[in-house]
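> build me a model:
(4 chains)
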Protein chains: 2
Amino acid sequence: MAYTYEYARPALTVDCVVFGFDEGDLKLLLIQRGLEPFKGKWALPGGFVRVDESLEEAALRELQEEAGLSKVYLEQLYTFGEVNRDPRERVVTVAYYALVKLGDHLPHGASDAQNAAWFAVNELPRLAFDHEEIIEAALQRLKSKVRYEPIGFELLPKKFTLTQLQHLYEVVLEAPLDKRNFRKKILSMDLLMETDEIEQDVAHRAARLYRFDEAKYRQFKKKGFNFEI
Amino acid sequence: MAYTYEYARPALTVDCVVFGFDEGDLKLLLIQRGLEPFKGKWALPGGFVRVDESLEEAALRELQEEAGLSKVYLEQLYTFGEVNRDPRERVVTVAYYALVKLGDHLPHGASDAQNAAWFAVNELPRLAFDHEEIIEAALQRLKSKVRYEPIGFELLPKKFTLTQLQHLYEVVLEAPLDKRNFRKKILSMDLLMETDEIEQDVAHRAARLYRFDEAKYRQFKKKGFNFEI
DNA sequence: CCAAAAGTGTTTCACTTACACCCATGA
DNA sequence: TCATGGGTGTAAGTGAAACACTTTTGG
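Coordinates of the predicted model:
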């Protein structure tokens, strides 16, 4: 390399906190490490940033390589740079979080990678590095962001029932919501399109399916409208 | 170094967006570059992260070295990692923003560093690198954060008038506020301590000075109270 | 016909908003 | 005595919260 280092450089990685929602549980995708350090421990998908790719490109590449995921909602979370967070050498990591439609993509929470698995967020194993701290930050971010941006829909199938949506909010916000008030509020925003379909294979009255109207939301946002639950 | 690089590494810097508030203006501290690239252009204070210091330590060190600042409010903003944001080589920068009490510290907006100066945010010169983008992000963050965390006080002297506080909010939020409603709301939170002092050297009725009660705020926060303007 | 979840309105209360005049002080 | 900003209260409107029963469907 045609550059003289005045100082040693920290290494740079990206790590991804991947959220999914399934059967009423908020889930998280983890990878079992095949190499030292922390060999055999579960960790966030991630890896070194290459010199010719942006941070977001690195995160998307790692999601594809390690978890077979593409077309996910992705947002930068925070950069973790404590000096001893990696036992080998100095490593700074830019953390991202991703929201995936579990129901759509993955038949039963399985992934392409053999050493990847979904865990309910309140049944996580012990993790490598400072990944518990990173996850904690991601949960906080999700909890606050879900209230003023319509990102909850990224975790549901394209078509969903109002009860599914409410359950999602209840799990993320860790608080019960009133059914009538919730429906009143979300429907009054005029961002959900009622489809002519209903749930299938349920042992009770089938609920109507709705879709989130992405285009309408973008229009509303331009005019100063603010989503809020 | 006892480590074998598999790939070339991006370099890592920190940059600081330093806000001050003076004479009704929101201001920003910039440094005039003495070296190429962008020699002579104004830029954010910042520099390379050393291998033995955390990101926050690096930011604090740069603030001290380049601007003579210490004891400021500092928070990580975002990490900028586009491939060509630095013309020399690949540089990823972790941006921080800082809030300083201009009135307290610096006699008239001057700084220790000879090549540092304060600019009103709407009268900024052309900047080096992607620093305009970083500042834009910092302004957005400040605007949203000031509404639900009591960080506005970090920009005012320890003792301030309610009108000063209101002006600060109006400038940051870019919107006028109703005087009576503002006072009612801020005083009803019970977070301001009335001092027995008043403004000095004004050509009209002198306003009462208040102090922000940090300790009380921490107590309230523990009990689930949320600051909100 | 029973179990299970879907779906639906109204009242109360709290908070936000809009708004104008007198007061104190120094020049 | 005038100019300048300091300081104060009320009424109307809007949105949030609390709350229970009927309907539909499959087993």
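> please, where are all the helices along chain A?
Assignment of helices within chain A using DSSP state H yields the ranges A:55-67, A:102-105, A:131-145, A:162-173, A:179-188, A:214-222.
> quick one, what contacts A:V91?
The neighbourhood of A:V91, defined by CB atoms under 8 Å, 6 or more residues apart in numbering or on different chains, consists of A:P10, A:A11, A:L12, A:T13, A:R85. Bear in mind the C-beta positions are built from the backbone N, C-alpha and C, glycine included.
> touching, the first one and B:V49? I think so.
Yes: between A:P10 and B:V49 there is a contact under CB atoms under 8 Å: 5.9 Å.
> so can I have TSV of the contacts of A:V91 showing pLDDT, neighbour count and distance to DNA strand C?
Conversion of the contacts of A:V91 to TSV gives the following (pLDDT from 0 to 100; neighbours: other CB atoms under 10 Å in any protein chain shown; distance: CB to the nearest atom of the strand, whole Å):
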residue	pLDDT	neighbour count	distance to DNA strand C
A:P10	97	27	44
A:A11	97	20	47
A:L12	98	27	43
A:T13	98	20	42
A:R85	98	17	40
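> what's the farthest-apart pair in those?
With distances taken as CB to CB, the most widely separated pair in those is A:L12 and A:R85, at 12.6 Å.
> and the residue of chain A found nearest DNA strand D, what are its phi and psi?
Among the residues of chain A, A:R205 lies nearest to DNA strand D; the distance is 2.8 Å by CB to the nearest atom of the strand. When quoted as degrees, to the nearest 10, the phi and psi of A:R205 stand at phi -50, psi 130.
> quick revisit: if I look at A:P10 and B:V49, which residues touch both of them?
Common neighbours of A:P10 and B:V49, counting by CB under 8 Å, 6+ apart, are A:G81, A:V92, B:L12.
> please identify the most buried of the helices of chain A.
Counting by mean count of other CB atoms under 10 Å in any protein chain shown, helix A:55-67 has the highest mean neighbour count of the helices of chain A, with a mean of 20.
> which helix or strand in chain A has the lowest average pLDDT?
Among the secondary structure pieces of chain A, namely its helices and strands, helix A:102-105 has the lowest mean (mean pLDDT, DSSP states H and E), a mean of 68.
> let me know the angle separating the longest strand seen in chain A from helix A:131-145.
Ranked by residue count, the top strand of chain A under DSSP state E comes out as strand A:11-22. Counting by axes from the mean of the first three to the mean of the last three CA atoms, to 10 degrees, strand A:11-22 points 60 degrees away from the direction of helix A:131-145.
> got any ranges where chain A has weak pLDDT?
A:1-6, A:104-114 (pLDDT under 70).
> which bits of it sit near DNA strand C?
Within chain A, the positions adjacent to DNA strand C are A:161-163, A:179-181, A:183-184, A:198, A:202-208 by CB under 7 Å from any atom of the strand.
> and stretch A:33-40, how far from the chain's centre?
On the basis of CA atoms, centre = their mean, to the nearest Å, stretch A:33-40 is displaced by 24 Å from the centre of the chain it belongs to.
> swap that for stretch A:13-25, please
Offset of stretch A:13-25 from its chain centre (CA atoms, centre = their mean): 4 Å.
> around chain B, pick out the residues from chain A.
With CB under 8 Å from any CB of the partner chain as the criterion, chain A comes near chain B at residues A:1, A:3, A:6-12, A:48-56, A:76, A:78-79, A:81-83, A:88-90, A:92, A:94.
> hmm, back to that, pick the one among the contacts of A:V91 closest to A:F212.
Nearest to A:F212, judged by CB to CB, of these is A:T13 at 33.1 Å.
> let's have the helices of chain A in a markdown table, adding distance to B:V172.
Formatted as a markdown table, the helices of chain A follow (distance: least, CB to CB, whole Å):
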| stretch | distance to B:V172 |
| --- | --- |
| helix A:55-67 | 28 |
| helix A:102-105 | 40 |
| helix A:131-145 | 20 |
| helix A:162-173 | 28 |
| helix A:179-188 | 29 |
| helix A:214-222 | 22 |
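> so for A:L26, which of those helices sits nearest?
helix A:162-173 (5.0 Å).
> which residues does the closest one contact?
A:21, A:24-26, A:142-143, A:146-147, A:152-153, A:155-156, A:176-177, A:179, A:182-183, A:186-187, A:207-208, A:210, A:229.
> what about DNA strand D: which of the residues you listed touch it?
Among the contacts of helix A:162-173, the residues within reach of DNA strand D (CB under 7 Å from any atom of the strand) are A:K179.
> what sits against A:T93?
A:L12, A:T13, A:V14, A:D15, A:G46, A:T79, A:F80, A:G81, A:R85, A:I134.
> what about the nearest residue to the fourth one once chain neighbours are set aside, how many residues nearby?
This means A:D15. Nearest residue to A:D15 in three dimensions, chain neighbours excluded: A:G46, at 3.4 Å (CB to CB, 6 or more residues apart in numbering or on different chains). When counting by other CB atoms under 10 Å in any protein chain shown, one arrives at 24 neighbours for A:G46.
> how much space is there between A:G46 and A:V172?
Using CB to CB, to the nearest Å, one gets 23 Å for the distance from A:G46 to A:V172.
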